[in-house]
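Colleague: would you be able to build a 3D model of this:
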Amino acid sequence: MRQLFFAILMMLPIATNAQNVMTGNEIQQRCVEGHELELYCVGYIEGLVTVMLFTNISGNFSLFYGGRQTKEFCMPTGVTAGQRRDTILKWLQDHPEDRHNASAWLVYRALYDAFPCT
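Modeller: The predicted model follows:
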């Protein structure tokens with residue numbers, strides 16, 4: 001199961017033009033408060049985060065990307081869905097050069113930057 005998830009996740013940046021793969025640009029547009037798709041977008045992010053957290057029994061997450069293992073992020077207990085959304089939107093605002101990439105990779109990068117393991 002874990003290996004299948006990693007294989008699919010590694011293919012996402014290649015498939016950014018695929019119809020059903022959300023990019024960072026779409027997250028930035030849809031996840032803002034008041035947008036008609038805000039709840040869908042927050043649910044999408046929560047789905048990604050849930051998969052990331054449950055693929056590692058310890059609650060930490062790392063993945064293999066581009067043939068190398070990425071580092072884990074360690075999200076503190078009590079971080080809300082709204083906080084995760086805000087963290088990801090801020091990261092996307094600060095990294096416009098990456099927003100065309102697949103959302104799964106960008107969500108990981110935003111959470112890694114915000115919640116590194118110490």
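
Colleague: going forward, measure contacts and count neighbours with C-alpha atoms only.
Modeller: Will do.

Colleague: you'd agree T77 is in a helix?
Modeller: No: counting by DSSP: H, G, I helix; E, B strand; the rest coil, T77 is not found in a helix; it is coil.

Colleague: could you measure from it over to F115?
Modeller: 11 Å (C-alpha to C-alpha, to the nearest Å).

Colleague: the more surrounded of the two?
Modeller: F115 (15 against 6; other C-alpha atoms under 10 Å).

Colleague: may I have the residues that are in contact with that one?
Modeller: F73, C74, M75, P76 (C-alpha atoms under 8 Å, 6 or more residues apart in numbering).

Colleague: among the residues you listed, name the buried ones.
Modeller: Among those, those buried by neighbour count (16 or more other C-alpha atoms under 10 Å) are F73, C74, M75.

Colleague: need these in a markdown table (columns: distance to M52 and pLDDT).
Modeller: Output for these, formatted as a markdown table (distance: C-alpha to C-alpha, whole Å; pLDDT from 0 to 100):
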| residue | distance to M52 | pLDDT |
| --- | --- | --- |
| F73 | 10 | 79 |
| C74 | 11 | 82 |
| M75 | 11 | 85 |
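
Colleague: since we're on G82, how many residues are nearby?
Modeller: 11.
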